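Visitor: Task: produce atomic coordinates for the following.
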Amino acid sequence: MTSANTFISKNSFVPDGDKAPGESLGTPQHLHAAALPVTSNASNGYHRCRREPRRSPVYTRFCATLSKLCLMLAVVGLIAVILCVQWQVFGRYVLNDTPTWAEALALLLVLFVTAFGLAVGVRDAGHIGLESMVALLPEAWQRRIEVLIHGLVGLFGGFMVYGGWIWASAKWGEKKPMLPVPDGIDYVPLMIAGVLIVLFSVEHIIANIQGKEVTPAWN
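Guide: I've put the predicted structure just below:
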């Protein structure tokens, strides 16, 4: 014999007279609610708890993409250097015909790999630095010192661009003896590294002013 009210949960009762035809007694109310279409309501507390992750600023995303591209180019350059050296050894000892261009190309590729790695190291803080004195300062002064350091690094990158442009312009009319390229191309990596250092230093300065940190590209 059933009671006038069917027990559903600890604090919920459903009258027998309110049941739909064919509904069995003691059926949990939440099972019938699950079969109904669910509508999205902005006033629902569940939707309020879900927050969209904040996107990084455009300049930060640009620098991160540029840094990853530099890393990939550096890896490709290293593989190309290894292949050039291996081909030179193979030609010298197996073919008895040393490819003279292989060593010159490997040296040129080393310049580009160094430029890309140098710039990425500036952005990802991969270079050696002494922070023992700076760590003793208050947090506000630490940020000021970091802004000053990145400003000086960016200034140095600007001098790299300027000096590389002068030397590249002076040597562009000459040809490399082992490669069919201008001799001034040796200074192109210097300018590339300088431009990247300036861009990444500006990113660090903006991040320090906003109280944020630059996430390394390899994370």
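Visitor: Determine the longest helix present in this structure.
Guide: If you go by DSSP state H, the chain has its longest helix at helix 58-93.
Visitor: and after it, which helix or strand comes next?
Guide: Once the chain leaves helix 58-93, the next helix or strand it forms, by DSSP states H and E, is helix 100-123.
Visitor: circling back to that earlier point, and the longest helix of the chain, how far from the chain's centre?
Guide: 17 Å (C-alpha atoms, centre = their mean, to the nearest Å).
Visitor: how big is the angle separating that helix from helix 100-123?
Guide: 150 degrees (axes from the mean of the first three to the mean of the last three C-alpha atoms, to 10 degrees).
Visitor: Give me the buried stretch members for the host helix or strand of residue 150, please.
Guide: Using DSSP H and E, residue 150 sits within helix 139-171. Buried residues in helix 139-171, counting neighbours by 16 or more other C-beta atoms under 10 Å, are found at 146-147, 149-150, 153-154, 157, 160-161, 164-165, 167-168, 171. The C-beta positions use only the backbone N, C-alpha and C, and glycine is treated the same way.
Visitor: CSV for these, including pLDDT?
Guide: What follows is those, written out as CSV (pLDDT from 0 to 100):
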residue, pLDDT
146, 87
147, 89
149, 89
150, 91
153, 93
154, 94
157, 95
160, 95
161, 96
164, 95
165, 96
167, 94
168, 94
171, 91
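Visitor: Residue 92: which of those residues is nearest?
Guide: residue 171 (29.3 Å; C-beta to C-beta).
Visitor: Could I get the contacting residues of that closest one?
Guide: By C-beta atoms under 8 Å, 6 or more residues apart in numbering, residue 171 lies in contact with 182, 183, 184, 186, 187.
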